[in-house]
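Colleague: sequence unavailable; structure follows:
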């Protein structure tokens, strides 16, 4: 065999081996992907939505429709659970509707909520859960139901518009005496006396 034939045979064997190895490859041959095309879409111009916490007022309990002790208890609990809501939102309509004309506690908390809103401060935390722990007999002369209500309040803080903390309180469990009465077929809060004030 001549030298040129040997080179040709070796080259043929190498080419055949390369083809055989390529044929055994499990990967499919690469196909070119289509080029992306520009489309106009209104979605490109709109920013993605962001989630914002929304403070929701506690639900008015149906027991407040009762004009007896169950209604008085429900009104007392509901009123105290409105407290952190009015501080966070400045929405005081329900608070004002339930506040008796001589209720100093009601007026003080209302003033605090208005101050926070006017100064554009921020009230954070303070979620309150309340439960009636004892209901006394209704005063036959005044029609007032005295009710002891236990509140569990989470820590809260008030910050100014620059984010500087101006007031705060840790978690608190307290019992208040809430005096509730009927006026024009609605429950009103006559007064609230906290533990430390009794």
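Modeller: That came through fine. It should be emphasised that the depicted structure is a prediction, and the values quoted were computed from it without experimental measurement.

Colleague: how close does residue 85 get to residue 161?
Modeller: To residue 161, residue 85 is 21 Å away according to Cβ to Cβ, to the nearest Å. To be clear about C-beta, it is placed using only N, CA and C from the backbone, and glycine gets the same treatment.

Colleague: more neighbours, the two?
Modeller: The residue with more neighbours, out of residue 85 and residue 161, is residue 85; 22 against 9, by other Cβ atoms under 10 Å.

Colleague: now do the phi/psi pair for that one.
Modeller: Reported as degrees, to the nearest 10, the phi and psi values for residue 85 are phi -60, psi -50.

Colleague: which ones are touching it?
Modeller: Contacts for residue 85 (Cβ atoms under 8 Å, 6 or more residues apart in numbering) come out as 55, 56, 57, 58, 91.

Colleague: of these, closest to residue 153?
Modeller: Taking Cβ to Cβ as the measure, residue 153 lies nearest residue 58 of the contacts of residue 85, at 13.6 Å.

Colleague: okay, and the beta partners of residue 174?
Modeller: Here residue 174 sits in beta bridges with residue 151, as judged by DSSP bridges.

Colleague: residues in contact with it?
Modeller: 150, 151, 153, 194, 195.

Colleague: just flag the most distant two among those residues.
Modeller: Between any two of the contacts of residue 174, the greatest separation by Cβ to Cβ is 12.8 Å, found for 153 and 195.

Colleague: show me where pLDDT drops low in the chain?
Modeller: Applying pLDDT under 70 to the chain flags residues 1-52, 196-198.
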